[in-house]
Structures are given as C-alpha cells and as structure tokens.
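Chemist: coords below, sequence missing:
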Ligand SMILES: NC(=O)c1ccc[n+]([C@@H]2O[C@H](COP(=O)([O-])OP(=O)(O)OC[C@H]3O[C@@H](n4cnc5c(N)ncnc54)[C@H](OP(=O)(O)O)[C@@H]3O)[C@@H](O)[C@H]2O)c1
C-alpha cells in the first residue's frame, strides 16, 4: 500500500512513531514496567524536546494510557501535571477507560484510518505522534500512514517483553537517516518508512 504523506496546507506534516527500546527490541516488560528505561539518561538530552514541540496530535493504545494512569502521581511531581501533553490525544481501546481530568483525550477503536484523518486535521501544520505500543504503530504502518520511526535504543536487554514493532519489514527496508549517541545510555536512530513499503504481521 502506498504511504500517504499529507503535505497539503492545514494537514499534519508527518506521522511519527517515537519511542525508546531495549537493545533487543522491547519497549516495556511483559507486565508493562518501564523501570529499566529511566536510569539510562535524561530525556532532555535526547531529541524529545525538539520532537514534542512539533507534535500536534497523539495516539496511544490502552496499555500505554493505563501506564500513564497508574503513574499519574509520579508524572505530576516530575512535570507539574498528571497528564504531560497539551496536544489532543486519541486512545485506542475496546473498553471504557477512566478519563484523566484536564486531559484532552478521546477513546476510539477499530480502523486507524478515519482516526488518523481526524488527527491530521487537529495537528494542523504539526506532526502526528504514535506513542505506542508497537502493534498500534504497526496498524498505522499497515494502513500506509507511518512516515518515520525514531528510536532511543537503550543500552539494556530484557530478553522478553512488549515488542517495539511486531511486523516483518524487509523489502524495501526502512531507510536509516540519522544516528546520534546520547551519553552511554542511548543510541538515537531515525528511520524513514519508504513510500512503497508493505509489511507482514509477525
Ligand atoms: N519505551 C517507550 O518509550 C514506550 C513508549 C510507549 C509505550 N510504552 C509502554 O509499552 C507498553 C505497550 O503496551 P502494548 O504493547 O500492550 O500496546 P498498547 O498499544 O499500549 O495497548 C494495546 C491495547 O490497545 C488496544 N488497542 C490497540 N489497537 C486498537 C484498535 N485498533 N482498536 C481498539 N483497541 C485497540 C487493545 O486493548 P483493549 O481493546 O483491551 O483496550 C490492545 O490490547 C506499555 O506498557 C507502555 O507503557 C513504552
């Protein structure tokens, strides 16, 4: 399926999956712990501050959202609010989830394409961020809507956990466009998704 790059005025510029992963390709433990991540470095030394400044809309799956709910106190003491994002956020779930007071959130389900269209309008001239998890990013990829994957590869392994991107992407491969060392804890890799890419679910 052809990639869609909605460059027209008033429409999101790029759809990006920005995440942190272990060296062996996991974004969380099987029980959704991120305790391995935070000791690895200061997020402000990565490209996150410049990245988030250009984000106009977010999407995440329910496990990612429920992690935010469980850690609202810690998030609040770190950034001053239990919900750290000012941008509108779409949470994918087939269940009724508790909405965090003050957060600009809507719960959606099913096909990512109509949701993406709404997100692009909301994002205006900014980008759309697929926060995770990996399969949700894969659903946007499957629909031809994902333009970039940006990964902070942490200097740890977990052996098993939640996969970064459970798809087989081989021909054409992703296009590596930049690498950057962030201390001894992260290698930041930025990939473009070729316009002609197709994937197989793993
Ligand atoms: N390392 C990082 O930087 C990073 C970044 C993001 C996330 N994370 C963590 O990684 C883990 C990701 O968890 P995960 O792999 O389970 O992924 P997830 O995308 O957060 O959650 C998956 C769930 O979302 C719902 N969902 C997904 N697509 C849907 C659709 N099209 N329609 C309706 N519902 C849909 C389903 O649950 P229901 O229908 O049952 O609700 C599905 O089981 C979390 O612990 C998160 O905190 C880490």
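Modeler: Cool, got the structure. Everything quoted here is computed from the prediction, not taken from an experiment.
Chemist: tell me the contacts of residue 135?
Modeler: 61, 163, 166 (C-beta atoms under 8 Å, 6 or more residues apart in numbering). Placement of C-beta: from N, CA and C, glycine included.
Chemist: helices and strands of the protein: which one bottoms out on pLDDT?
Modeler: Among the helical and strand segments of the chain, the one scoring lowest on mean pLDDT, DSSP states H and E is strand 200-201, with a mean of 67.
Chemist: What sits closest to the residue of the chain found nearest the ligand if chain neighbours are left out?
Modeler: For the chain and the ligand, the shortest gap (C-beta to the nearest ligand atom) falls at residue 61, measuring 1.8 Å. Excluding its sequence neighbours, the residue lying closest to residue 61 (C-beta to C-beta, 6 or more residues apart in numbering) is residue 136, at 4.4 Å.
Chemist: before we move on, what about residue 28?
Modeler: Nearest residue to residue 28, sequence neighbours excluded (C-beta to C-beta, 6+ apart): residue 162, at 4.3 Å.
Chemist: residues in the protein within reach of the ligand, list them.
Modeler: Within reach of the ligand by C-beta under 6 Å from any ligand atom, the chain has these residues: 19-20, 27-28, 32, 34, 37, 60-64, 67, 92-95, 109-110, 131-136, 139, 162.
Chemist: Would you mark the buried spots in the helix or strand containing the residue nearest to residue 61?
Modeler: Element membership for residue 136, per DSSP states H and E: helix 134-142. Of the residues in helix 134-142, 134, 135, 136, 137, 138, 139, 140, 141, 142 count as buried by neighbour count, 16 or more other C-beta atoms under 10 Å.
Chemist: again with stretch 172-185
Modeler: 174, 182, 185.
Chemist: What about those residues, which are in strands?
Modeler: residue 182 (DSSP state E).
Chemist: Kindly indicate which of the buried residues of stretch 172-185 lies nearest residue 74.
Modeler: For those, the minimum distance to residue 74 (C-beta to C-beta) is 19.6 Å, reached by residue 185.
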